[in-house]
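# Structural data only, the sequence is not supplied:
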């Protein structure tokens, strides 16, 4: 399903609003135990967006991991996990796709940490990795996603 050109969304309480004005570069499901714990679900559904096509209005705070590499932004009030920025990659933002008002277009193309998936979980992902794909493979994966979308 093709995403609409502009999508809006919000956190659980509505105090933080999100807006995306470009199609995602890739969509994914992460099965790692960290994502399972942070979402209180079987996996995390994400859409990787260009940073310049993403807007956030409202107060966020860093939650989850507090390390130097990943910055997990949460609503300052309800603590919904909204998006992640990765140090050294300012051109991208990894948004929790279910924050969009209408997230039904976000079918995972890629799944990561399949080795940690709950045994009964199945996704329609076309590409699957036991852990994370090598960083140098992402340009190829994004090109494959764009051709598939």
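Yep, that arrived. In this text the structure is predicted, and so the values were computed from the model without any measurement.
# so who does the residue most central in space within the chain touch?
Central residue of the chain (C-alpha atoms, centre = their mean): residue 46, 2.2 Å from the mean position. For residue 46, the contacting residues are 27, 28, 29, 30, 84, 94, 95, 96, 97, by C-beta atoms under 8 Å, 6 or more residues apart in numbering. Quick note: C-beta positions are derived from backbone N, CA and C, even for glycine.
# isn't there a strand covering it?
Yes. Residue state for residue 46 (DSSP: H, G, I helix; E, B strand; the rest coil) corresponds to a strand.
# I'd like the numbering to begin with 46 instead of 1 from here.
In the new count, where the first residue is 46, that last one comes out as residue 91.
# State the distance from it to residue 148.
11 Å (C-beta to C-beta, to the nearest Å).
# Then residue 110?
Counting by C-beta to C-beta, the gap from residue 110 to residue 148 is 24 Å.
# hmm, back to that, what is in contact with residue 91 and residue 148 at once?
Common contacts of residue 91 and residue 148 (C-beta under 8 Å, 6+ apart): residue 142.
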